[in-house]
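Asks: whatever this is, show me its structure:
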Amino acid sequence: MFTIDKYVVAESLEEAYELNKSRRNAIIGGMLWLRMGRKKIRTAIDLSALNLNKIDEDDESFKIGCMCTLRDLETHENLNKSFNNIFHKSLKHIVGVQMRNLATIGGSIYSRFGFSDILTALLSLDSYAELFKGGIIPLNEYVNMPLDNDILMKIIINKDGRMPACNSHRISATDFPVLTCAVSNKENEWFVVVGARPMKGKLSTFNLNNNYEKDDIDNAVLNIIDNISFGTNIRGSKEYRQILADALIKRNIDEILNGGYYAD
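Replies: Below you'll find the model as predicted:
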């Protein structure tokens, strides 16, 4: 259990940023992972008064505030309708509704968890991180940056016409994933993300022309797997994850090519 010396509800992002400069202070969200450690926090910084718990939509994009919960994304009708139900499908296996009502998108993405289903899904889309000081950065770049004291304000997803699909493999329904996978397609370009390797999601791309054959897909998938690092942990071996990756990538590609809407 962690301990807190002082609790502050930030009145502005500037105040939160200045407080977060100290390594002894911490921004708090759902606190699901924070409470599992023994960290002593001098000042806990609460962002709940800064209007960062909304999902805004316009003609070009969705803007998701960092204090939105995973449940907010899972149940948002327009967000799921725009991206082939990918958020509902990628999040529904995470423990239970109670946990998804607490876990925030900001905490999930900032932490760059290797097992993160939502990170895998977002990397397959045209997604960006909006930082208080750092501005707007492609999500694929942000997740590979070192942790710092900047504040992740929003996740932006552009409506660029991609058709996504995602799936995962778990030993049991609500366990951590053995492997996560998301694929999206825009015209001839394909975006493939494999996560829980057990490392964080990695984005790969390939192209298919209009006259592609099955062998072209098989070769593209094989090339992606050959260029991704897999590891071994208590949930699965490196070799097992490589086999899973081949199956999950092809299932997602098949769903996209067949135009199916993945309902429950």
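Asks: now do the closest residue to A49 other than its chain neighbours: how many residues are near it, please.
Replies: Residue nearest to A49 in three dimensions, not counting chain neighbours: V9, with 5.2 Å by Cβ to Cβ, 6 or more residues apart in numbering. For the C-beta atoms, the positions are set from N, CA and C on the backbone; glycine is no exception. Applying other Cβ atoms under 10 Å, we find 13 residues neighbouring V9.
Asks: what are the bridge partners for V9, then?
Replies: Beta bridges link V9 to D46, judged by DSSP bridges.
Asks: can you pull the contacts of it?
Replies: Contacts for V9 (Cβ atoms under 8 Å, 6 or more residues apart in numbering) come out as D46, S48, A49.
Asks: what about the last one, neighbour count?
Replies: The criterion is other Cβ under 10 Å. On that basis, A49 has 13 neighbouring residues.
Asks: so where do the helices sit in the stretch 101-250 of the chain?
Replies: 105-111, 117-123, 139-142, 214-226, 238-258 (DSSP state H, counting those that start in this stretch).
Asks: just the ones you listed: most buried one?
Replies: Highest mean neighbour count among the helices of the stretch 101-250 of the chain (mean count of other Cβ atoms under 10 Å): helix 117-123, with a mean of 27.
Asks: G106 touches C66, doesn't it?
Replies: Yes: between G106 and C66 a contact is recorded at 2.8 Å, counting by Cβ atoms under 8 Å.
Asks: next, show the common contact partners of these two.
Replies: Here G106 and C66 share the contacting residues G29, L47, L52, L152, M153, scored by Cβ under 8 Å, 6+ apart.
Asks: going by distance to N84, which of those residues wins?
Replies: N84 lies nearest to L152 out of those, by Cβ to Cβ, at 25.3 Å.
Asks: and the closest one, how far is that from A10?
Replies: L152 sits 14 Å away from A10, taking Cβ to Cβ, to the nearest Å as the criterion.
Asks: and V178, what is it in contact with?
Replies: Contacts of V178 (Cβ under 8 Å, 6+ apart): S168, H169, R170, I171, A196, R235, G236, Y240, R241, L244.
Asks: same question for S124.
Replies: Contacts of S124 (Cβ under 8 Å, 6+ apart): I86, R162, P164, C166, A182, V183, S184, F191, V192, V193, L203.
Asks: give me the neighbour count for the third one.
Replies: If I follow you right, that is P164. Neighbourhood size, P164 [other Cβ under 10 Å]: 27.
Asks: how close does the residue nearest to A49 get to I45?
Replies: In terms of Cβ to Cβ, V9 sits 8 Å off from I45.
Asks: equivalent analysis for R38, please.
Replies: Taking Cβ to Cβ as the measure, R38 falls 19 Å from I45.
Asks: ok, these two, which is more surrounded?
Replies: I45 (22 against 7).
Asks: thought that one was touching N20?
Replies: Yes: I45 is in contact with N20 according to Cβ under 8 Å; the separation is 5.9 Å.
Asks: in contact with D150, which residues?
Replies: So D150 contacts Y17, L131, F132, K133, G134 (Cβ under 8 Å, 6+ apart).
Asks: circling back to that earlier point, could I get the contacts of V178 as a markdown table with pLDDT?
Replies: A markdown table is the format used below for the contacts of V178 (pLDDT from 0 to 100):
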| residue | pLDDT |
| --- | --- |
| S168 | 96 |
| H169 | 96 |
| R170 | 95 |
| I171 | 93 |
| A196 | 97 |
| R235 | 94 |
| G236 | 95 |
| Y240 | 98 |
| R241 | 98 |
| L244 | 97 |
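Asks: need the residues you listed in CSV with distance to L222, can you?
Replies: Converted to CSV, the contacts of V178 look like this (distance: Cβ to Cβ, whole Å):
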residue, distance to L222
S168, 21
H169, 19
R170, 25
I171, 26
A196, 20
R235, 24
G236, 20
Y240, 17
R241, 15
L244, 14
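Asks: who wins for most neighbours among the residues you listed?
Replies: In the contacts of V178, the most neighbours by other Cβ under 10 Å go to A196, 28 neighbours.
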